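>>> Kindly return the folded structure for what I paste below:
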Amino acid sequence: MSTLFSRLAKWFHGQMPTHEQLAANRYTAHFARRQELFRFTRRSVPRGVAAGIFVGIFAMIPGLQIIGAALMCVPVRGNIPLAAAMTFLSNPATTPFILAASIWIGNHLGFHADLSTFYSLYESGAGIKSWLYWLLSDAAPSLVIGLFVISVVGAVIGYVASIWFWRAWIGRKHRARQLRPSRTAIAAPVRTEAGV
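From the prediction side, this is the model:
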């Protein structure tokens, strides 16, 4: 469990943009000045994770996802670097599955989009024009409703999971601190019979 947690923490740390990168970006420079949005606390971490998952899945537009996640972190006081890292959950490898699942959910909620057309467009490597024609048909409401449902459910799961990971990480730190000998015990002189 500890190796899985340390690997996951290392991966997240590698995915998060640095404070300097956010300060250099003209869209996020204003937020980089607010230090409380970059602190890792028990409240800001779950909020940042939830905001990043929500925007990353619902927006589906690379580039705007990080900016949207940063904007969403301001009112909820979430951690911006974690929110930016969470937007990478929707990437070229996961996007087709997210789109297919959102259309399926939208269809089951009463809207209509043809999944066979979606799969044929995907498999044939259709261009943007073909995708836009398909989206401007009756597929758009189904897709948007499905994306909204998936992003809300994903944000709730991410929020709860990050609370659990945060508590496990803090508990591990406390246990490690308790196992270490205290400095006063090490520094205290040992009295001998001759010194009494």
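>>> so is residue 72 in a helix, a strand, or just coil?
At residue 72, secondary structure determined by DSSP: H, G, I helix; E, B strand; the rest coil is helix.
>>> Could you count how many residues lie near it?
19 (other CB atoms under 10 Å). Where you see a C-beta, it was placed from the backbone N, CA and C, and this is true even at glycine.
>>> Equivalent analysis for residue 117, please.
For residue 117, the number of neighbouring residues by other CB under 10 Å comes to 16.
>>> What score does it have for pLDDT?
If you check residue 117, the pLDDT there is 77.
>>> Distance-wise, check it relative to residue 107.
12 Å (CB to CB, to the nearest Å).
>>> ditto for residue 37
Applying CB to CB to residue 37 and residue 107 gives a distance of 38 Å.
>>> What sits closest to the one residue sitting closest to the centre of the chain if chain neighbours are left out?
When CA atoms, centre = their mean is applied to the chain, the residue found nearest the centroid is residue 86 (2.2 Å). Nearest-residue entry for residue 86: residue 52, 2.7 Å, with adjacent residues in sequence omitted and distances by CB to CB, 6 or more residues apart in numbering.
>>> OK, contacts around the one you found?
69, 82, 83, 84, 85, 86, 87, 89, 158 (CB atoms under 8 Å, 6 or more residues apart in numbering).
>>> among those residues, which two are most distant?
84 and 158 (13.7 Å; CB to CB).
>>> who has more neighbours, these two?
Neighbours per residue, other CB under 10 Å: of residue 84 and residue 158, the larger number sits with residue 84, 26 against 22.
>>> Toward the C-terminus, what is the element adjacent to the strand or helix carrying that one?
With secondary structure defined by DSSP states H and E, residue 84 is part of helix 80-86. Where DSSP H and E defines the elements, the next helix or strand beyond helix 80-86 is helix 95-108.
>>> How far off centre is whichever helix or strand comes after that following helix?
Sequence-wise, the next helix or strand downstream of helix 95-108 (DSSP H and E) is helix 115-124. Computed by CA atoms, centre = their mean, to the nearest Å, the chain-centroid distance of helix 115-124 equals 29 Å.
>>> try stretch 162-175
Taking CA atoms, centre = their mean, one finds stretch 162-175 lying 18 Å from the centre of the chain it belongs to.
>>> buried ones in that stretch?
By 16 or more other CB atoms under 10 Å, the buried positions in stretch 162-175 come out as 162, 165, 166, 169.
>>> ok, the first one touching residue 49?
In other words, residue 162. Yes - at 4.2 Å, residue 162 and residue 49 qualify as touching, with contact defined as CB atoms under 8 Å.
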